[in-house]
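[1] how would this look folded up:
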Amino acid sequence: MTVVPTAVLTDPEADGRNLRRRHSYDAAVDAVLDLIGEGVPAPTAQQIADRSGISIRTVFRLTDDVESLHAAAVQRQTERIAPLYVALPTEGVVKARIASLVSNRATIFETIAPVRRVAERLALDSTRIADGLARHHRLLRAQVAALFEAELAQLTKERRVDALNAVDVAASWETWDQLRRRQSLSRREATRVVTQLLSGVLGPTGTRRP
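    Residues are numbered from 1 along each chain as shown. Okay, here's the model as predicted:
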């Protein structure tokens, strides 16, 4: 059996083209993400080309449509914000745990806000993005369930489910977006409201048995 050397099987020119294409694609996706973060909800091919430094012709060669780059940018956002999901204390007084959660959620939600709003638009036609948003919600719900397990455990089974649902909603992206965008509250004001909502469920009266 004759073994063909690896060098013979490798096409340096093709490898170079693939590498350049990968770099161009990454630059285009990063450009979309940066533009969305700066308040451009639907970057055009020309804007992407100008920001990334590649030609508009290259932009159209990279993908079938600009919307696909928008979807890729939503996926890239997950990589960028991963360090924001830090471990929060699950012990100690409930007031401190609420404060820790709300502070962390405020940081995450303020960071993801522009891209999250684009993701919700794209999710209508993208199963992958819709699934990603659903996974994100499950992650956040599991976090509050773990943070306030002691308080929830004091309740009857029925009330425990209601309380978890209430905490989940109070600390959710949707509530934060409602306060910040619809009600035009400042970050500090929205933080106070979410803290009050959580305290109402988890405070001394919120978790007392009937």
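[2] Can you list the low-confidence ranges for the protein?
    Within the chain, the set of residues satisfying pLDDT under 70 comprises 1-17, 204-210.
[3] Now do the helices in it.
    6-9, 12-37, 45-52, 56-62, 66-81, 94-122, 127-147, 149-153, 157-170, 173-177, 187-202 (DSSP state H).
[4] Contacts for the fifth one, please.
    Which is helix 66-81. 25, 28-30, 32-33, 36, 42-45, 48, 59, 62-63, 108, 111-112, 115, 118-119, 122, 126, 128-129, 132 (CB atoms under 8 Å, 6 or more residues apart in numbering). No exception for glycine: its C-beta is placed from N, CA and C like everyone else's.
[5] Reformat the helices of the chain as JSON lines; add mean neighbour count and distance to Leu88.
    Formatted as JSON lines, the helices of the chain follow (neighbours: other CB atoms under 10 Å; distance: least, CB to CB, whole Å):
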{"stretch": "helix 6-9", "mean neighbour count": "7", "distance to Leu88": "49"}
{"stretch": "helix 12-37", "mean neighbour count": "16", "distance to Leu88": "25"}
{"stretch": "helix 45-52", "mean neighbour count": "19", "distance to Leu88": "35"}
{"stretch": "helix 56-62", "mean neighbour count": "16", "distance to Leu88": "39"}
{"stretch": "helix 66-81", "mean neighbour count": "19", "distance to Leu88": "16"}
{"stretch": "helix 94-122", "mean neighbour count": "18", "distance to Leu88": "5"}
{"stretch": "helix 127-147", "mean neighbour count": "15", "distance to Leu88": "6"}
{"stretch": "helix 149-153", "mean neighbour count": "14", "distance to Leu88": "12"}
{"stretch": "helix 157-170", "mean neighbour count": "15", "distance to Leu88": "14"}
{"stretch": "helix 173-177", "mean neighbour count": "18", "distance to Leu88": "17"}
{"stretch": "helix 187-202", "mean neighbour count": "18", "distance to Leu88": "13"}
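[6] Tabulate those (a markdown table), appending distance to Ala87.
    Shown next, in a markdown table, are the helices of the chain (distance: least, CB to CB, whole Å):
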| stretch | distance to Ala87 |
| --- | --- |
| helix 6-9 | 44 |
| helix 12-37 | 26 |
| helix 45-52 | 35 |
| helix 56-62 | 38 |
| helix 66-81 | 16 |
| helix 94-122 | 10 |
| helix 127-147 | 10 |
| helix 149-153 | 15 |
| helix 157-170 | 18 |
| helix 173-177 | 20 |
| helix 187-202 | 19 |
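[7] give the contact list for the spatially closest residue to Ala106 that is not a sequence neighbour.
    Nearest residue to Ala106 in three dimensions, chain neighbours excluded: Thr191, at 5.5 Å (CB to CB, 6 or more residues apart in numbering). Shown in contact with Thr191 (CB under 8 Å, 6+ apart): Val102, Ser103, Ala106.
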